[in-house]
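Novice: Predicted coordinates and the sequence they were generated for:
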Amino acid sequence: MEPFKNELSADKARLIAAAVKRAHPAFPMPRFTRGLDAALDPLELKQRVVHLADRLADCLPQDPRVMFPVLTDSLAAGELRGFPVWPLTEIVARRGLGHFKESMTALAEMTRFFTAEFAIRPFLRTHPEKTLKQLRRWCSHPDEHVRRLVSEGSRPLLPWGGNLPALLEPPHPTLDLLEKLFEDPSDYVRLSVSNHLNDFSKHHPALVLATLGRWRDASPPDDPRLAKLSRHACRTLLKAGHPEALAFHGFASASALEVTRFEITPRTLTLGGRLSYHLVIRNSSRRTLKVMFDYAIHHRKANGSLSPKVFKGRVKELAAGESWEIQGTHPILPITTRVYHAGTHRMEPLLNGRPFPARDFVLKLA
């Protein structure tokens, strides 16, 4: 898997600069590209975002009222999308705090080409009331990307975005935004609403369940869109076996469930391989039970301890006395967010949030 930082390589940076120059012919391309490759080479993704934002901004008119329209005009041809737009949003975040109106106009345009969720957060820190007021207006914006910016950009615990812990405290100022968006016609927006609620669930599970319950009561029976949103909003609670969250989604206690067979193969594998598993689960009760099978891989850390990571499995209703045979594989692949260490690892079945006896396997590094 290619590193994310390559999304902002020197070649991509030149494409960004070319788009900016088309919008602003006075853009000094030789000055921008001088030493570019050497400057970017040692930097990781977010460092490249900042570096390119500063390098671009230093080559443009310094008044944001002039600079920001140049940046949005550079997107007009549609050649810049995805990660190459990130440095443009970063310029607004770094240079626009004193020019609120111009910044909001720019971010609403840029987020159509790459999310401005990271760039809106400095404004929530510096101008919280004014920014929340703008987000409320955007809840009815015709573009789903702008509406999604409302819920994703104001997440209290946004990955890569820096936390906004004040938003978790009463009076929970972002919840009224979610009230306006949970029935949004766009699945893209509703997924963001569920991400936002999942952040809240880590600190206020009862509040999240009460909110979802109120929405369910006000929605058509068995609304599949709300059911999907609710499951995703409760994913952390469900993985942790939170009793009220399990009950909300129709899962009973795991006390009547048995694992009658659990095998993994191979018991020794090399990084890059796949772990196969085979389970048989039995409902020993006298009633039908809704069963959620997840599993945890306990990865070995540098100090020899094990750290669990829960992976979603499957859901099935089991009649009284019925058994469920499950077979699957789990890839042990190199990824940028995890450092693997050789030695004993562990796979642990989780049924309705409850852990069952695990099996160990040994990981070797190639």
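Specialist: Alright, I've got the coordinates. Numbering: from 1, shown residues only.

Novice: May I see the buried residues of the strand or helix carrying Ala247?
Specialist: When elements are assigned from DSSP states H and E, Ala247 belongs to helix 243-248. Across helix 243-248, burial judged by 16 or more other Cβ atoms under 10 Å covers 245-246, 248. Glycine gets a C-beta too; all of them are placed from N, C-alpha and C.

Novice: try stretch 6-18
Specialist: By 16+ other Cβ under 10 Å, the buried positions in stretch 6-18 come out as 8-9, 12-13, 16-17.

Novice: quick check, nearest of these to Val280?
Specialist: Comparing the buried residues of stretch 6-18 against Val280 with Cβ to Cβ places Leu8 closest, at 48.6 Å.

Novice: Pick the one among the buried residues of stretch 6-18 closest to Leu60.
Specialist: In terms of Cβ to Cβ, no member of the buried residues of stretch 6-18 lies closer to Leu60 than Ala17, at 10.6 Å.

Novice: That closest one and Arg235, how far apart?
Specialist: 41 Å (Cβ to Cβ, to the nearest Å).

Novice: swap in Thr260?
Specialist: Using Cβ to Cβ, Thr260 is found at 28 Å from Arg235.

Novice: so where's the chain uncertain?
Specialist: For the chain, applying pLDDT under 70 flags the ranges 1.

Novice: What ranges does it have for its strands?
Specialist: With DSSP state E applied, the chain shows strands at 257-265, 268-270, 274-283, 289-300, 306-318, 323-331, 343-351, 354-355, 359-364, listed in chain order.

Novice: a markdown table for those, including distance to Met29?
Specialist: Shown next, in a markdown table, are the strands of the chain (distance: least, Cβ to Cβ, whole Å):
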| stretch | distance to Met29 |
| --- | --- |
| strand 257-265 | 57 |
| strand 268-270 | 48 |
| strand 274-283 | 48 |
| strand 289-300 | 47 |
| strand 306-318 | 46 |
| strand 323-331 | 44 |
| strand 343-351 | 51 |
| strand 354-355 | 59 |
| strand 359-364 | 49 |
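
Novice: quick one, what contacts Asp360?
Specialist: With contacts taken as Cβ atoms under 8 Å, 6 or more residues apart in numbering, Asp360 has the following neighbours: 267, 344-346.

Novice: repeat that for 6 Å
Specialist: Contacts for Asp360 (Cβ atoms under 6 Å, 6 or more residues apart in numbering) come out as 344, 346.

Novice: before we move on, what about Val259?
Specialist: Applying Cβ under 6 Å, 6+ apart to Val259 gives the contacts 281, 349, 356.

Novice: Now tabulate the buried residues of helix 243-248 in TSV and tack on distance to Pro170.
Specialist: What follows is these, written out as TSV (distance: Cβ to Cβ, whole Å):
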residue	distance to Pro170
Ala245	22
Leu246	26
Phe248	23
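
Novice: Between Thr260 and Arg235, tell me which one has more neighbours.
Specialist: Arg235 (18 against 11; other Cβ atoms under 10 Å).

Novice: just to revisit the earlier point, tell me which of the strands of the chain sits nearest to Ser186.
Specialist: Judged by Cβ to Cβ, the one of the strands of the chain that comes nearest to Ser186 is strand 306-318, at 23.3 Å.

Novice: could you dump the contacts of Val259 to TSV with neighbour count and distance to Ala366?
Specialist: Formatted as TSV, these follow (neighbours: other Cβ atoms under 10 Å; distance: Cβ to Cβ, whole Å):
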residue	neighbour count	distance to Ala366
Ile281	23	34
Pro349	22	28
Phe356	17	31
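
Novice: Ignoring the adjacent residues along the chain, who's closest to Ala302?
Specialist: Leaving aside its chain neighbours, Ala302 sits nearest to His341 (5.8 Å; criterion: Cβ to Cβ, 6 or more residues apart in numbering).

Novice: Can you give me the domain assignment for the protein?
Specialist: 4-248, 254-364 (automatic domain parsing).

Novice: Just name the most buried of those.
Specialist: Comparing the domains of the chain by mean neighbour count (mean count of other Cβ atoms under 10 Å), domain 4-248 comes out on top with a mean of 18.

Novice: Quickly note the distance from the nearest residue to Pro349 once chain neighbours are set aside to Thr270.
Specialist: In this structure, Pro349 finds its nearest non-sequential neighbour in Phe356, 4.6 Å apart by Cβ to Cβ, 6+ apart. To Thr270, Phe356 is 27 Å away according to Cβ to Cβ.

Novice: One more: Phe27?
Specialist: Counting by Cβ to Cβ - Phe27 and Thr270 are separated by 50 Å.

Novice: quick one: the helices in the stretch 101-250 of the chain?
Specialist: Assigned by DSSP state H, counting those that start in this stretch, the helices in the stretch 101-250 of the chain fall at 121-126, 128-138, 144-153, 175-181, 187-201, 205-218, 224-233, 235-239, 243-248.

Novice: What backbone torsions are found at the residue lying closest to Glu348 once chain neighbours are set aside?
Specialist: Sequence neighbours aside, Ala358 is the residue nearest to Glu348 in space, at 3.8 Å (criterion: Cβ to Cβ, 6+ apart). Here is the backbone geometry of Ala358 (degrees, to the nearest 10): phi -100, psi 170.

Novice: so Ala358 makes contact with Arg346?
Specialist: Yes: if you go by Cβ atoms under 6 Å, Ala358 and Arg346 touch, sitting 4.8 Å apart.
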